[in-house]
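Asks: below are the sequence and a predicted model; questions follow.
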Amino acid sequence: MPSHTLTVGFDLDMTLIDSRPGIKAAYEQLATETGVYIDTELVVSRLGPPLEQEMACWFPADQVAAAGDRYRAIYPDTAITPTTAMPGARESVEAVQALGGRAMVVTAKYEPNAKLHLAHLSIGADLLIGGLWAEGKAEALLEHGARIYVGDHVGDVRGARAAGALSVAVPTGPCDEAELRAAGADVVLPDLTAFPEWLRTHTAG
């Protein structure tokens with residue numbers, strides 16, 4: 001049953017973490033192993049959708065699943081260490097908790113690898129759910145009673161709206177402010193450094 005406690009959801013890639021260097025390194029190793037050309041700069045310019053969607057741009061359909069499995073296996077040794085926290089990420093999670101709330105991460109990323117990122121960067125979310133994208137994120141947001149969902153992609157906005165949650169967007173990923181607003185974001189902040197004060201004001205109101 002959803003709780004009446006304040007619950008705020010966050011996307012992971014390019015919302016809480018800048019995973020571009022790590023993802024680039026993982027794709028470069030995959031390209032070396034498979035001999036398949038992958039434009040890694042292009043890959044990291046459009047993070048957000050599920051891995052299989054990106055793999056389908058580089059591998060034949062019958063090889064996508066295997067390529068995805070290998071990428072996930074490569075990931076822990078190549079992608080965790082180069083990844084950094086986005087400015088304001090830890091403070092935003094802590095701001096939710098300081099108000100007695102729960103901070104949850106809902107991401108399309110493979111959950112075990114997402115967990116490694118949070119641990120490595122000491123981002124102390126209360127709950128992590130992986131493998132969900134766009135409207136699919138509403139499943140977790142509704143289950144846990146999240147009233148706010150914070151993300152950087154139009155897919156995150158769609159997920160929030162599908163869950164009836166307030167969509168707070170940051171243009172720190174592939175989507176700019178105009179795209180986020182056009183998708184239906186309720187609030188657009190310049191980045192997460194503005195989130196703690198916004199949350200305090202919002203909850204006080």
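Replies: Perfect, I can see it now.
Asks: next one: phi and psi at the residue of the chain positioned farthest from its centre?
Replies: Distance from the C-alpha centroid of the chain, by C-alpha atoms, centre = their mean, peaks at Gly35 (29.0 Å). When read as degrees, to the nearest 10, the backbone of Gly35 gives phi 70, psi 10.
Asks: which residues touch stretch 139-148?
Replies: 2-9, 102, 104, 106, 127, 129, 132, 149, 159-160, 163-166, 168, 199, 202 (C-beta atoms under 8 Å, 6 or more residues apart in numbering). C-beta here means a position set from N, CA and C on the backbone, and glycine is covered the same way.
Asks: state whether Ser167 is indeed within a strand.
Replies: Yes: assessed with DSSP: H, G, I helix; E, B strand; the rest coil, Ser167 lies in a strand.
Asks: against Thr203, how distant is it?
Replies: Separation of Ser167 from Thr203 (C-beta to C-beta, to the nearest Å) stands at 17 Å.
Asks: what about these two, which has more around it?
Replies: Neighbour totals were compared for Ser167 and Thr203, and Ser167 leads with 24 against 16 (other C-beta atoms under 10 Å).
Asks: contacting residues for the closest residue to that one other than its chain neighbours?
Replies: Of all residues not flanking Ser167 in the chain, Ala160 sits nearest, at 3.7 Å (C-beta to C-beta, 6 or more residues apart in numbering). Neighbouring residues of Ala160 by C-beta under 8 Å, 6+ apart: 9, 137-138, 141, 148-149, 151, 166-168, 186.
Asks: tabulate the residues you listed (JSON lines), appending secondary structure.
Replies: Conversion of the contacts of Ala160 to JSON lines gives the following (three-state DSSP):
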{"residue": "Gly9", "secondary structure": "strand"}
{"residue": "Lys137", "secondary structure": "helix"}
{"residue": "Ala138", "secondary structure": "helix"}
{"residue": "Leu141", "secondary structure": "helix"}
{"residue": "Ile148", "secondary structure": "strand"}
{"residue": "Tyr149", "secondary structure": "strand"}
{"residue": "Gly151", "secondary structure": "strand"}
{"residue": "Leu166", "secondary structure": "strand"}
{"residue": "Ser167", "secondary structure": "strand"}
{"residue": "Val168", "secondary structure": "strand"}
{"residue": "Asp186", "secondary structure": "coil"}
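Asks: and which of those residues is nearest Val64?
Replies: Checking the contacts of Ala160 against Val64 by C-beta to C-beta gives Lys137 as the nearest, at 22.2 Å.
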